Every structure is written in C-alpha cells, then in structure tokens.
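K.L.:
okay, here's the prediction I keep looking at, along with the sequence it came from:
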Amino acid sequence: MKTTCAYCGVGCGIKATVTGEREVAIAGDTEHPANRGKLCSKGTHLGETVGLEGRLLYPEITGRRASWDKAIRQVARTFAETIERHGPDSVAFYVSGQLLTEDYYVANKLMKGFIGSANIDTNSRLCMSSAVAGYTRAFGEDVVPATYEDIDEADLVVLVGSNTAWCHPVVYQRIMAARLLRGTQVVVIDPRRTETCEEADLHLQLRPGTDVALMNGLLAYCRDAGVLDEAFLAEHVATPDSFWSALGEGNDLWSTARTCDIAPVDLKRFFELFAATPRTVTLFSQGINQSIRGTDQVNAIVNVHLATGRIGKPGAAPFSITGQPNAMGGREVGGLASTLAAHRDFAPENVAEVKRFWAAPRVADKPGLKAVDLFRSIREGRVKALWVMATNPAVSLPDAAQVREALALCPFVVVSDCMADTDTSRFADVKLPAVGWGEKDGTVTNSERLISRQRALMAAPGEARPDWWIVTQVARAMGWRDAFGYENAADIYREHARLSAYRNEGRRKFDIGFHAAITNREYEAMEPVSWGGAPFSEGRFSTPDGKARLVAVEQRVLDERLPKWPLTLNTGRYRDQWHTMTRTGLSPRLSQHRREPLVEIHFRDAEEQGIGDGDLVRVATPQGESVFRAALSEGQRQGEIFTPIHWTDRQSSGGRTGLLPRPLVDPHSGQPGFKSTPARIEKLAVEWRGFLIAREVPEQVRADYFTKVRVGQGWLVELAGSGDPDAQLGNLLAGGQRIESLDRARGGWRAAVLDKGGRLSAALFVSRAGRLPDREWLITQLSAHETPSSVELLAGRPAIPQPDRGPIVCVCFDVGMKTIVQAIASQSLVSVEAVGKALSAGTNCGSCKPAIQRLIGETKEAAHA
Ligand code: SF4
C-alpha cells in the first residue's frame with residue numbers, strides 16, 4: 001500500500017507491505033514525486049517502530065482506565081465549564097505537525113469557530129513560523145515559492161542554516177544528484193561544519209546570528225555589480241522609499257566579512273558566484289527560523305531573490321524546508337494561533353466569511369496565544385484547561401522547566417497521544433489514545449506544497465482512535481453535533497477543500513477547490529497532488545496591489561558574551577533520531593548512530609576547561625543545566641557548543657537540551673531562538689563509570705548519570721556516578737544465575753546474569769579507574785544461541801578476538817567506522833561509490849554517504865601527514 005513517511009517535511013512516498021502481525025516491510029515509492037523511491041535511514045527503518053511497545057491503548061482518567069464515553073464527557077464538560085466561568089480564552093489546544101490535515105482542521109474549527117478563541121498553537125511554531133511570517137510580509141501570503149524540481153534545475157544551491165544531509169536527507173541526495181548531472185554548485189552557510197559541508201564547493205562558517213548582515217551584503221554587492229532585475233523590481237515589487245539608501249550603510253564586502261567573521265576572499269567568491277548564477281535556489285531551515293530575528297533573516301534572503309528576479313522561474317527561489325511531516329498542512333488549515341483558516345488572517349471580512357461558511361456561533365476575531373506565551377499564560381493562571389495533541393512540550397519548548405511548572409499548575413490537562421508515557425502525559429488528568437503512523441488515514445502536505453495520502457496499513461490497536469474522531473466526539477459532546485457530523489477523514493478533507501475555495505476568486509494562492517467534491521473512492525485512491533503550481537511565475541503576488549514587498553531589515557547588535565557565560569549554545573537534530581525519540585527510539589538500528597547525547601565543543605575550549613573527549617560535562621545556561629558527554633570537534637567554532645534536542649526524562653538523567661534555551665522569541669513570528677543561548681560548561685566529577693546491557697529495560701535507574709538506548713534484543717544503559725555503585729546499581733540485575741567478579745584494587749565490578757536456559761539476560765560493568773570493555777560483543781550475546789564462557793562474559797570479550805568495527809556509520813548494513821577506514825586505506829578507495837562496492841556501506845538509504853566522504857578525506861589526510 002502507498003503511504004507517506006512519518007517524519008520530516010520532505011514527505012517521502014513509501015510502499016508498505018504488511019508482512020505479519022504488526023510487521024511492515026518498507027520501500028521507497030518510485031512513483032512519488034518527492035523522493036522517486038529514495039528513503040533516508042529513518043524512513044527505511046519505519047518498520048521497526050510499529051510494534052505496540054509503550055503504546056497508550058485505552059482512555060485514562062487520573063491514571064485509571066476509563067471508557068471513551070466517560071473520558072469524552074469529562075473533557076467536554078470541563079472545557080465547557082471553564083469557558084462558561086472564565087471565557088473562551090481560558091482554554092487552549094497545543095497541537096502538532098505530526099497531526100494529519102484532517103485532524104488539524106477539526107481542532108482548528110472547534111477552537112476558532114465554536115469555542116471562539118484563537119488559542120490553538122502548534123509545535124510547528126518552533127520550527128518554521130519565521131518562514132511563515134517572512135513569506136507573508138514579502139508575498140502577502142504564506143506561500144513556498146518553490147518545488148523540489150527547482151533543485152533539479154538550479155545551477156547553484158545555497159544552504160543557509162540547514163544541516164540538510166542529516167535533517168532532510170532525501171533533499172540532500174537530490175542536490176547531490178543535480179550536482180552530478182548538471183554540475184550544480186553548492187554553498188553552505190552555517191556556523192558549524194556539518195556533514196552537509198562534505199560535498200560543498202564553499203562553506204561560509206559565519207558568526208552565529210549574522211545572516212542578515214551577510215544577505216544585505218550580498219544584496220549590496222548584486223546592486224553594485226549591476227545584476228538587479230530592474231524590470232522585475234519596477235513591475236512586480238513594491239520598494240520602501242529608503243530601502244536602497246539604508247542598504248548603503250556598512251554593507252560593503254569588507255564590513256560584511258568583519259561582521260560575519262568570514263575571510264573576505266571566501267565572501268567575495270560567494271558573492272561573485274551568486275551574482276553570476278541566475279538559477280539559484282536558497283534553501284533555508286532552522287538555522288534561519290529558530291532565531292529571535294528569524295523573520296528578518298527570512299526577509300533578508302527573500303529580498304535578494306526578489307531584487308535579482310530569482311523567483312517564479314525554474315531553478316530560482318528562496319525555499320524554506322519544513323521540519324515536520326505536516327507542518328504545511330497545519331499552515332493550510334490555519335492551525336497557528338496567528339492565522340484564522342485556509343490562509344486567511346483575522347481581517348473582519350475574513351472572520352465574517354469563515355463564520356458564514358462554518359455556520360459558527362462565534363469565530364475568533366484576533367490572534368491567540370503563540371506557544372511560548374501560551375505556556376506562560378498557563379503558568380500565570382490565565383489559561384485553565386489545556387489539550388495537548390501528539391506532541392511533547394515538556395521536552396521541546398524552551399525553558400522546559402517552566403513549561404513543566406505550567407503543566408503542573410494547570411487545573412485541567414488533556415493529552416491525546418499514541419504513547420502511554422511521555423514527559424508531558426505525566427501531567428495529564430485525561431489521556432486519550434490516538435492512532436499512530438501505519439494506523440492513521442488522511443493527508444499531509446510536504447515542504448513543496450505537495451499533498452499526499454497517509455494510509456492505514458493495520459487496524460488500530462486497543463481502543464486507539466484517530467485524532468479527528470476524538471476532537472469530533474468532544475465537539476459533539478459540547479453541543480455542536482451538526483457542525484462536526486463527519487463520518488470519515490474524506491468528509492473533513494472535502495470541507496477543507498471547499499473552505500479554501502470559498503469566495504477566493506484568486507485572492508489566495510491556497511485553493512484546493514479542485515477536491516471540493518472528491519468522492520470517498522477518489523480520496524482513497526488519491527495520488528500526490530500539488531497546489532499553487534508555479535505560484536509567482538506571472539509575477540503576481542497575494543498583496544492588494546499584486547506586488548511583492550522588499551522589507552528593510554537591519555543586522556542587530558549581537559549579544560555580548562558575558563564572563564559568566566563565555567560560550568554560545570546551539571541546538572539541533574541527529575541524523576537518525578526524530579524529535580523526542582518516542583518512535584525512532586524504538587529502533588535498535590537507528591539508535592546505533594548516536595547512543596548518547598553529546599555536547600560538541602571546539603578542542604581549544606575543551607582544553608581551557610580541562611575537558612577530554614568522552615568526559616561527562618555539565619552545560620549550564622541562565623535557564624537551567626543538563627549533563628552531556630563531550631565530543632571534541634573542529635566543526636564547532638571556538639566559543640560555541642552544540643547539543644541535540646532529542647533526549648527526555650524517559651531515556652536519560654541528562655541530555656535535556658530543552659531545559660537550556662531562553663524563552664525569547666522573534667517579535668513577528670513568536671518563534672523561539674534555540675540557536676544562541678549564553679552558556680558555560682564544566683567537567684562533571686564522577687567516581688565511577690559503567691554500563692548495563694539487559695534484555696528488559698530497567699524502569700528505575702538511580703545513578704547520577706544514565707542514558708537508555710535500544711540495542712539488538714535489549715537495552716544499553718550507560719552509567720556514571722559517585723559514592724557506592726553497589727547501592728545505586730544493585731537493583732539493575734534481574735533474578736537468575738549470577739556470575740560476578742570484584743576488582744577491589746581498581747574499584748571494578750563485573751556481573752552477568754543468566755536466565756533459566758543459561759542465556760545471558762543482563763551484564764553490568766563498573767569501574768573506578770580501569771577501562772570498560774567494548775559494548776558491541778556483549779550486545780550480540782543477548783541474542784546469541786550459545787552462551788559464552790563465564791570468563792569471556794566477565795572479560796566482556798570473546799576468547800578469540802574479533803575485529804573491532806568501531807562506531808556504526810552505515811546503519812542499513814551495520815558497517816562500522818574502523819571497517820570503512822581500513823578498507824579505504826588498504827584498498828586505496830577514493831570515492832563513496834568505491835566504498836559502497838567494497839562494503840555495501842551507503843548503498844541503501846544513502847544517509848551515511850557524507851560520513852563516508854568525510855572518512856575518505858580524513859584517511860587521505862592522515863596518510864599524507
Ligand atoms: S527524508 Fe527521511 S525522514 Fe524525511 S520524509 Fe524522507 S524518508 Fe522520511
């Protein structure tokens with residue numbers, strides 16, 4: 001069956017075959033225009049995540065199983081009473097880019113049209129709302145002016161604030177394919193040297209937060225070089241009076257290079273390349289959006305494209321790629337607190353129009369609370385009932401400790417989710433079981449405005465229900481039976497399509513009226529379909545006069561580094577994990593790439609603090625602190641550190657990046673600035689280190705530091721602490737035959753537990769001073785048919801040594817770093833393809849190709865040294 005990937009905004013098509021009870025075989029859909037058969041590591045291993053482990057299967061009220069009827073009545077009654085007593089703005093929904101468009105539509109309709117408040121915001125606020133605000137300022141409507149085909153046709157792709165190779169891997173592969181076919185040049189603009197830089201022609205490792213200066217400098221250069229499209233500007237763009245004179249101030253090449261801390265020669269090379277290449281796509285992502293100046297940064301990019309006429313033409317566009325599978329669908333229905341519905345804002349005529357269409361009693365007439373303000377309002381007692389759908393704000397919002405406090409203080413919290421235990425659902429009064437990927441049925445829209453079907457492959461487990469059904473039942477119980485009379489997802493999609501076309505008459509590009517009368521059968525068989533075509537190819541924008549806007553934006557003064565906070569913290573994603581790992585964390589293969597949360601730090605900063613590679617360190621910011629393992633990296637600029645966003649309380653005592661960023665937001669978009677928080681770092685003193693390998697996941701781990709991760713047939717728990725390890729770790733060894741050894745001189749403790757059949761069920765290794773064995777061989781022993789000898793088990797290695805593969809690089813074929821390096825050196829391999837031929841690495845999903853490219857470079861360098 002054809003469906004769409006659960007993860008990022010690339011929106012890859014999948015061919016899924018159910019092969020058994022909750023078993024699915026995954027292949028890329030060769031006919032899907034977004035990916036043409038390709039999948040990254042996350043999509044490829046989706047089949048490992050459809051089991052029922054950790055699922056919420058029944059409604060619960062205050063932790064006890066309840067009937068759907070009772071749970072729905074409880075939610076409806078509490079929301080109605082709260083509205084009655086405190087008004088519509090005393091309640092709120094916090095929803096998610098994981099919802100399908102149909103789910104989003106009914107949630108938005110209930111809040112904005114029937115409750116009468118715009119207090120519905122989404123976790124997409126955290127990933128792309130600056131792009132929404134920037135596009136709307138420039139084009140009059142939130143329209144992405146590009147498709148992936150523009151990448152195929154570009155001669156230059158500029159990647160700004162985007163680790164595309166990790167976060168949008170199939171788009172990255174498409175860029176690489178264009179590079180191979182037509183010699184497309186690639187420039188990466190990013191304060192970090194990431195794997196995206198491996199194949200780039202140029203990497204501008206700018207000072208964080210100076211993107212406006214860089215783009216203004218580029219625009220000034222283009223003007224001086226005579227490459228502005230004067231005819232396009234005159235006919236299709238409205239330019240503020242002082243725009244060009246303001247640009248004259250401090251935007252020459254030398255000043256720009258100084259502000260951005262880039263070598264002038266590199267900057268000049270980029271400016272010349274850009275000026276000489278009309279077919280340019282500038283692709284941007286979280287590095288641009290997740291900033292307190294995100295909207296200005298978006299407009300600085302859009303300005304350059306408008307002024308050079310590089311928009312509405314093949315291979316030329318400023319292209320924001322979204323992080324979530326249906327962030328775009330949420331934008332379309334109006335699931336952000338700052339929009340009303342179907343790309344309408346809160347202008348009185350729009351409110352009247354939507355009121356009429358929905359036959360609604362009271363449509364919200366002003367924007368609602370955006371994510372950060374919403375949780376602040378909850379903490380201050382102004383919002384008293386909250387419904388969280390398919391997201392985990394206790395982990396993902398900035399200043400997560402305050403978010404937890406808000407959830408604890410909120411008088412009534414409802415969480416609908418497919419997982420039973422999340423950091424957020426621990427605060428829920430009512431938990432409602434939602435269906436997950438493979439059970440859901442509806443539509444999603446990807447980064448390029450392509451609507452695809454997500455289809456149910458298997459029956460919903462337990463009493464799990466679709467999100468649209470849950471919202472519909474609550475709306476009916478609140479008294480709005482007729483307006484929420486949907487029988488299936490197709491009913492909702494038709495209404496959504498009709499609303500997009502209602503009194504549109506070309507005013508808004510978002511118009512899917514072509515599906516207003518789609519039948520259930522047609523909906524079932526629906527092929528991917530795009531809206532908007534090439535939206536600005538005729539030079540007509542969605543403003544009253546049809547002209548786009550150049551928006552004057554200035555580089556603001558950068559934050560001063562303070563002695564107490566000498567570093568700047570940047571945050572982001574790992575290649576093989578997704579958000580808070582509730583799904584990807586179930587996959588042993590995906591967990592191989594990064595098993596612990598690392599803080600990446602320049603080696604000189606580490607040296608100053610006496611931190612070595614692999615040490616545990618405490619990262620502190622004005623908001624909070626958390627513990628990570630240090631990874632020394634030349635990819636970091638000095639003075640800057642990087643941590644991943646994925647780890648939660650469920651998997652770790654540390655690694656909680658959400659605790660660290662400030663809750664500061666962009667004034668236009670409300671998007672938090674996750675990329676530059678003042679920070680400091682110090683080595684964490686621990687007296688012992690250790691690890692546990694076990695078939696069953698230990699619920700309670702009392703060590704000062706621990707992380708739990710899925711491996712083969714069990715779990716790996718990394719441990720560290722001070723004091724008596726026996727007292728802290730004794731509970732981790734399950735019952736069974738125990739083999740043990742103590743090394744009192746070096747404070748070592750090694751234990752293995754065998755089950756009744758004599759097979760290894762757990763192994764614990766602790767050391768105060770000595771080395772710990774490699775984990776890989778022990779992990780394989782959890783599923784081995786023959787139990788090794790006691791001596792081997794307590795040594796943590798086989799009697800006959802096995803080759804050390806090193807950390808896994810290719811998760812599809814289990815190929816380790818050391819294996820690749822040895823093959824490169826011994827077989828003189830000079831290309832990723834040659835490594836693929838020799839070891840198969842990189843020949844399936846291709847997500848590890850940039851890593852292999854890096855290893856080829858490093859091995860070559862080492863050989864010449
Ligand atoms: S790039 Fe990967 S995660 Fe994103 S949609 Fe495609 S397969 Fe899924």
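P.N.:
It's in.

K.L.:
contacting residues around the residue in the chain that the ligand sits nearest to?
P.N.:
Using CB to the nearest ligand atom, the single residue of the chain nearest to the ligand is residue 43, 2.4 Å away. Heads up, the C-betas are built off the backbone N, CA and C, glycines and all. Residue 43 makes contacts with 5, 7, 12, 14, 26, 28, 170, 845, as judged by CB atoms under 8 Å, 6 or more residues apart in numbering.

K.L.:
measure it to residue 141 for me?
P.N.:
The spacing between residue 43 and residue 141, counted by CB to CB, to the nearest Å, is 31 Å.

K.L.:
which bits of the stretch 51-200 of the chain sit near the ligand?
P.N.:
168-170 (CB under 6 Å from any ligand atom).

K.L.:
I'd like these laid out as a markdown table, including neighbour count, pLDDT and secondary structure.
P.N.:
What follows is those, written out as a markdown table (neighbours: other CB atoms under 10 Å; pLDDT from 0 to 100; DSSP: H, G, I helix; E, B strand; the rest coil):
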| residue | neighbour count | pLDDT | secondary structure |
| --- | --- | --- | --- |
| 168 | 25 | 95 | coil |
| 169 | 30 | 94 | helix |
| 170 | 25 | 96 | helix |
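
K.L.:
need these in a markdown table with distance to residue 95, can you?
P.N.:
Below are those laid out as a markdown table (distance: CB to CB, whole Å):
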| residue | distance to residue 95 |
| --- | --- |
| 168 | 23 |
| 169 | 26 |
| 170 | 26 |
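
K.L.:
residue boundaries of the helices in the stretch 301-450 of the chain?
P.N.:
Remark: helices assigned in the stretch 301-450 of the chain by DSSP state H, counting those that start in this stretch are 327-333, 348-358, 371-379, 393-396, 400-409.

K.L.:
and the residue lying closest to residue 319 once chain neighbours are set aside, what does it touch?
P.N.:
Once flanking residues are discounted, residue 319 sits nearest to residue 146: 3.9 Å by CB to CB, 6 or more residues apart in numbering. Each residue near residue 146 by CB under 8 Å, 6+ apart is listed here: 281, 317-319, 448.

K.L.:
could you work out the most separated pair of those residues?
P.N.:
Across these, the two members that end up farthest from each other (CB to CB) are 318 and 448, 13.2 Å apart.

K.L.:
comparing those two, which residue is more hemmed in?
P.N.:
Neighbour comparison, residue 318 and residue 448: the larger count goes to residue 318, with 30 against 24 (by other CB atoms under 10 Å).

K.L.:
pretty sure the more buried one is touching residue 143, no?
P.N.:
No. Applying CB atoms under 8 Å, one finds residue 318 not in contact with residue 143, separated by 11.3 Å.

K.L.:
quick check: which ranges of the protein have low pLDDT?
P.N.:
559-561, 744 (pLDDT under 70).

K.L.:
quick check: residues of it near the ligand?
P.N.:
Checking the chain against the ligand by CB under 6 Å from any ligand atom, the hits are 5, 7-8, 10-12, 35, 39-40, 42-43, 168-170.

K.L.:
buried set for stretch 825-838?
P.N.:
For stretch 825-838, burial by neighbour count (16 or more other CB atoms under 10 Å) applies to 829, 832, 834-836, 838.

K.L.:
for this protein, list the residue farthest from the centre, please.
P.N.:
residue 745 (46.7 Å; CA atoms, centre = their mean).

K.L.:
for the residue nearest to residue 319, grab phi and psi.
P.N.:
Per-residue torsions, residue 146: phi -160, psi 160 (degrees, to the nearest 10).

K.L.:
quick check: it vs residue 280, distance?
P.N.:
11 Å.

K.L.:
still on that earlier bit, helix, strand, or coil at the residue of the chain closest to the ligand?
P.N.:
helix (DSSP: H, G, I helix; E, B strand; the rest coil).

K.L.:
residue 690 too?
P.N.:
Assignment for residue 690 (three-state DSSP): strand.

K.L.:
now it: closest residue in space that isn't a chain neighbour?
P.N.:
Once flanking residues are discounted, residue 690 sits nearest to residue 766: 3.6 Å by CB to CB, 6+ apart.

K.L.:
I'd say that neighbour and residue 687 touch.
P.N.:
No. Counting by CB under 8 Å, residue 766 does not reach residue 687; the two are 10.3 Å apart.

K.L.:
more neighbours: which of these two?
P.N.:
Legend: neighbour count by other CB under 10 Å for residue 766 and residue 687, higher for residue 766 (26 against 14).

K.L.:
what are the buried residues along the host helix or strand of the more buried one?
P.N.:
Here residue 766 sits within strand 760-767, counting by DSSP states H and E. Of all the residues in strand 760-767, those buried under the rule 16+ other CB under 10 Å are 760-767.

K.L.:
right, and the pair among those with maximum separation?
P.N.:
Longest span within these, CB to CB: 761 and 767, 21.7 Å.

K.L.:
and the strands in the stretch 751-865 of the chain?
P.N.:
With DSSP state E, counting those that start in this stretch, the ranges of strands along the stretch 751-865 of the chain come out as 760-767, 808-810, 815-816.

K.L.:
tell me the most packed of the contacts of residue 43, by neighbour count.
P.N.:
residue 5 (30 neighbours).

K.L.:
so what's residue 556 closest to, chain neighbours aside?
P.N.:
Using CB to CB, 6+ apart, the closest residue to residue 556 is residue 293 (6.0 Å).

K.L.:
neighbours around the one you found, how many?
P.N.:
So residue 293, with other CB under 10 Å, has 22 neighbours.

K.L.:
does it touch residue 554 like I think?
P.N.:
No. With contact defined as CB under 8 Å, residue 293 and residue 554 do not form a contacting pair (9.5 Å).

K.L.:
overlap in contacts of those two?
P.N.:
residue 212.

K.L.:
follow-up on the earlier one: redo the helices of the stretch 301-450 of the chain as TSV? Include distance to residue 134 and mean neighbour count.
P.N.:
Listed next are these as TSV, based on distance: least, CB to CB, whole Å; neighbours: other CB atoms under 10 Å:
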stretch	distance to residue 134	mean neighbour count
helix 327-333	13	29
helix 348-358	21	16
helix 371-379	18	23
helix 393-396	22	26
helix 400-409	26	20
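
K.L.:
turn those helices into CSV, columns for distance to residue 775.
P.N.:
Converted to CSV, these look like this (distance: least, CB to CB, whole Å):
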stretch, distance to residue 775
helix 327-333, 37
helix 348-358, 57
helix 371-379, 38
helix 393-396, 26
helix 400-409, 30
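
K.L.:
what segments of the stretch 601-750 of the chain are strands?
P.N.:
With DSSP E, counting those that start in this stretch as the criterion, the stretch 601-750 of the chain has strands spanning 616-620, 625-632, 640-644, 677-683, 688-694, 705-711, 714-721, 737-743, 748-754.

K.L.:
residue 825 is nearest to which of those strands?
P.N.:
strand 625-632 (23.0 Å).

K.L.:
direction included, what does that closest one pair up with?
P.N.:
strand 598-601 (parallel), strand 616-620 (antiparallel) (DSSP bridges).

K.L.:
so how many other residues sit close to the closest residue to residue 422 other than its chain neighbours?
P.N.:
Closest residue to residue 422 apart from its sequence neighbours, by CB to CB, 6+ apart: residue 392 at 5.0 Å. Neighbours of residue 392 under the rule other CB under 10 Å: 25.

K.L.:
next, the contact list for residue 392, please.
P.N.:
The contact partners of residue 392, taken as CB under 8 Å, 6+ apart, are 422-424, 579-580, 582, 648.

K.L.:
of all those residues, which comes closest to residue 387?
P.N.:
Using CB to CB, the contacts of residue 392 come closest to residue 387 at residue 424, 11.5 Å.
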